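Colleague: Need coordinates for the below:
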Amino acid sequence: MTAAENVCYTLINVPNDTEPPSEVSLKADLEKGEIKAKTEALKKVIIMILNGEKLPGLLMTIIRFVLPLQDHTIKKLLLVFWEIVPKTTPDGKLLQEMILVCDAYRKDLQHPNEFIRGSTLRFLCKLKESELLEPLMPAIRACLEHRHSYVRRNAVLAIYTIYRNFENLIPDAPELIHDFLVNEKDASCKRNAFMMLIHADQDRALDYLSTCIDQVHTFGDILQLVIVELIYKVCHANPSERARFIRCIYNLLQSSSPAVKYEAAGTLVTLSSAPTAIKAAAQCYIDLIIKESDNNVKLIVLDRLIELKEHPTHERVLQDLVMDILRVLSTPDLEVRKKTLQLALDLVSSRNVEELVIVLKKEVIKTNNVTEHEDTDKFRQLLVRTLHSCSVRFPDMAANVIPVLMEFLSDTNEAAAADVLEFVREAIQRFDNLRPLIIEKMLEVFHAIKTVKIYRGALWILGEYCSTKEDIQSVMTEVRRSLGEIPIVENEIKKEAGEGKPEEEVSAAPAAKLVTEMGTYVTQSALSSSRPSKKEEDRPPLRGFLMDGDFYVAASLATTLTKVALRYVAIVQDKKRQNSFVAESMLIMATILHLGKSSLPKKPITDDDVDRISLCLKVLSECSPLMNDIFNKECRKSLSHMLTVRLEEEKLSQKKESEKRNVLVQADDPISFMQLTAKNETSSKEDQFQLSLLAAMGTTLKKEANDPMASKLNKVTQLTGFSDPVYAEAYVHVNQYDIVLDVLVVNQTNDTLQNCTLELATLGDLKLVEKPSPLTLAPHDFANIKANVKVASTENGIIFGNIVYDVSGAASDRNCVVLSDIHIDIMDYIQPASCTDAEFRQMWAEFEWENKVTVNTNIADLNEYLHHILSSTNMKCLTPEKALSGFCGFMAANLYARSIFGEDALANVSIEKPIHLGPDAPVNGHIRIRAKSQGMALSLGDKINLSQKKTSA
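Modeller: This next block holds a predicted model:
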């Protein structure tokens, strides 16, 4: 273990701008100064020793003039001083002066003040010299009987560390502590004593636990946590002990401490896979999620539940707890709700789907009554999608769900309404028996729809699936009601003319309401205010959309009217009624065309919409069988095909998930008999406590251990040249939110380098946490310096700097060695993610930073180029595999990734194969990247540019 990795007990902040004081002035302050001056002098001495100064002349001064003082601050500083001061001569023998120090500490261990006794005992834990500790042993033992718990608990820790380091000094420590534990009443003392027994003499710890196993639930939480750890370790090493202690773990699930409950549940799952144990642990996790207020705790415990679900045998047990899991939805945090709904959806089965749907319906209705909040809308969307998935997997549920969800089509939140609409479209296509119900509900809410996109979708559904004469006439009635009086242009001109009479129009409603109620854009209210007396809120919804210049809805209306008119002609035999219906449809289209060409709307009609409406007029005027076929059959076939493909994709992804989870046992796998296994290989499972400790220290590199190629050496960056006076290289370890630089510094000269300092600076969204402290390097010596860099966002960062040092004895200025730059790769923070097409389009429209990268590669195959980009950028392709299969000379694909900071990155790949240049011609085209932040877009573009070309193996 290097010096840099030794356990650190005390951190001292040192201001670097002060001039180091001379030994003479320090000596004077320590001898003759007041208490305050002595305190400051002692602080300076400690800092100088930490920086590598020896100061042997001050040792006796401190023993004579500072050690006898009773001031508490000085006593605390002296503890630090004795910890760091060299206590031995160069040949390793103890300094004579330390005998005096030892005597002073023996007196402190008998001091009437409990703080001085306790802090002295804590200091003794850090001593590594047995000669110093030996005379103090009787005093340390005596402290076990002190009246104050602070002294007793530190005495236990001191005995434990002395026993661990120098067993000969106190060979009867386990027995002593066991007797102490039996008679002790204070929780913290019992915890320390029990912890010592676990590590020093596990059998005694088990004996004690056996005597009080029925009282465990009455112990304090800190002791209970240690008991859980002991039981885990014992059962892990010796599985035959499980039956003896599993009841104790069950009891600890009822503990009042959340930490104990969490640890006990985790231990129970690892010790037993019986359904009752899994159910008890899961129930405990659910209670924790509901009762704990911290969202981070909720998310961590939810992850534990999700891990439980991954095990095939545990999944059935959790299915019975779906209703309990749904209680977590009472949490206002969106991320917690999202995870909970996903977990519930994964666990849903035919046994519990009905109850699940009832709860979700209640939650959806609740969101309608809550005051509008950004998360309420998103939560409603999540609920709609979950209900959608339930209805697709369990068609019997659709009839219960649809009436509730249809109410949300009139919602002002377009995203939630769009999800409902998508669900309704799929339900009406899949479930023939529900069509009458859906049509009836759709006609009920049609007039209340406020957003143009939802209006368009609703029109399409009504046009596609209204098949009876009554329904078709209802659709026409609703369209006329929504359009208002026709012809529109004459009607609008009359209204304009009528505005000159204020008593007729203006008094009807206050002008402040403007147009928002009827669904026109709020951002355009400024335009309408140029005509202050205009009464736009009187307009029916469809006319409002048209007057705003949104004629795409008119094209959709024309298609709907054409479909229902052609169907009406086929159903109704009466020629007069046929002609009347077709003529009414054509009149509506013509009046919309007239409006579009006039100057009344805010924006004129586009040529595309004119073409579409004109085509519909032509189809209705001719009524040919071919057109009837295209409008009424082919459209539905397209939808059916799309839904089938989507269903196949979902089934495929579910199949992959279940294959991942299935535990496959090979025919020739060795069978492990518990009775025959050696003690050291009893369990193939890793020690969870050890794993969690390693994770906290950031050293769980399981992938690196399995893959010899991914060793630390691959991440070493050389910072200086081999001929530089100081050689430096850094191992860059990237954790989630910080980067640890482990820099090896080697003095290649014959001189001692003093104040050798690593000075670092950063470029990009990186921040140096602390300045590395200066070192003194002996000739040809080396040292490790660790520096932490915090990362705030996803963009390429650069760490640069230099090493400055003084040569001892030289009169010249400070020397400086400039280091090479360390480039931090964006790929360490980007992870593949998925989102829906609607979310992708919404983000694409919202994100303001775009980076367009021209394809410049030597890859000749489109699919190969796409996979190369995916592997080098960590992005996920959202375009389905089927859409990319085959060869047609060009390819378009959407890619998506999310950083660990929650930033989204979108990319659109548009590439083609120039066939006219031959089969070996490389792919060309563009990749457009969009992100919320400039750094993300630029960094991702740079990464693609660097890795576009395929390197020859």
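
Colleague: Can you pull up the most central residue in this protein?
Modeller: Centroid check for the chain by C-alpha atoms, centre = their mean gives I900 as the closest residue, at 6.1 Å.

Colleague: my guess is that one meets N735, correct?
Modeller: No. Contact criterion C-beta atoms under 8 Å: I900 and N735 do not qualify, at 10.1 Å. To be clear about C-beta, it is placed using only N, CA and C from the backbone, and glycine gets the same treatment.

Colleague: Just checking, which helix or strand of this structure averages the lowest pLDDT?
Modeller: helix 525-528 (a mean of 35; mean pLDDT, DSSP states H and E).

Colleague: List the buried residues for the helix or strand just after that helix?
Modeller: On the C-terminal side of helix 525-528, the closest following helix or strand by DSSP states H and E is helix 541-547. For helix 541-547, burial by neighbour count (16 or more other C-beta atoms under 10 Å) applies to P541, L542, R543, G544, F545, L546, M547.

Colleague: burial of N856, as a residue count?
Modeller: 11 (other C-beta atoms under 10 Å).

Colleague: was I right about it contacting Q948?
Modeller: Yes. N856 is within contact range of Q948, at 5.8 Å (criterion: C-beta under 8 Å).

Colleague: Next, the contact list for G463, please.
Modeller: When contacts are counted by C-beta atoms under 8 Å, 6 or more residues apart in numbering, G463 touches V475, T559, T560, L561, K563, V564.

Colleague: Which residue, other than its chain neighbours, is closest to it?
Modeller: T560 (3.1 Å; C-beta to C-beta, 6 or more residues apart in numbering).

Colleague: Would you mind confirming that that neighbour makes contact with I461?
Modeller: No. Look at T560 against I461 with C-beta under 8 Å: they stay out of range, at 9.1 Å.

Colleague: out of those two, which sits in the busier spot?
Modeller: T560 (24 against 19).

Colleague: distance of that one from E335?
Modeller: Using C-beta to C-beta, to the nearest Å, T560 is found at 40 Å from E335.

Colleague: again, but for Y160
Modeller: 42 Å.

Colleague: out of those two, which sits in the busier spot?
Modeller: Looking at Y160 and E335 with other C-beta under 10 Å, you find the greater number of neighbours at Y160, namely 22 against 14.

Colleague: State the helix or strand in which the more buried one lies.
Modeller: Assigned by DSSP H and E, Y160 falls in helix 149-165.

Colleague: Output the contacting helices and strands for that helix.
Modeller: Here helix 149-165 touches helix 114-124, helix 137-143, helix 173-183, helix 187-200, going by 3 or more C-beta pairs under 8 Å, 6 or more residues apart in numbering; DSSP states H and E.

Colleague: Export these as CSV, with columns for distance to S820.
Modeller: Output for those, formatted as CSV (distance: least, C-beta to C-beta, whole Å):
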stretch, distance to S820
helix 114-124, 44
helix 137-143, 53
helix 173-183, 53
helix 187-200, 45
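
Colleague: Tabulate the ones you listed (a markdown table), appending mean neighbour count.
Modeller: Putting these into a markdown table (neighbours: other C-beta atoms under 10 Å) gives the following:
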| stretch | mean neighbour count |
| --- | --- |
| helix 114-124 | 21 |
| helix 137-143 | 17 |
| helix 173-183 | 17 |
| helix 187-200 | 22 |
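
Colleague: what residues are up against C102?
Modeller: L132, P135, L136 are the contacts of C102 under C-beta under 8 Å, 6+ apart.

Colleague: Of those residues, just the buried ones, ChimeraX syntax please.
Modeller: Buried members of the contacts of C102, defined by 16+ other C-beta under 10 Å, are picked up in ChimeraX with:
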select :132,136
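
Colleague: Could I get the contacts of C102 in TSV, plus columns for pLDDT and distance to S349?
Modeller: TSV is the format used below for those (pLDDT from 0 to 100; distance: C-beta to C-beta, whole Å):
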residue	pLDDT	distance to S349
L132	81	68
P135	85	71
L136	85	67
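
Colleague: which one among the contacts of C102 gets closest to V610?
Modeller: Checking the contacts of C102 against V610 with C-beta to C-beta, the nearest one is L132 at 97.8 Å.

Colleague: The closest one is in what secondary structure piece?
Modeller: Going by DSSP H and E, L132 is part of helix 130-133.

Colleague: Can you check the pLDDT for V817?
Modeller: Reading off the confidence values, V817 has pLDDT 90.
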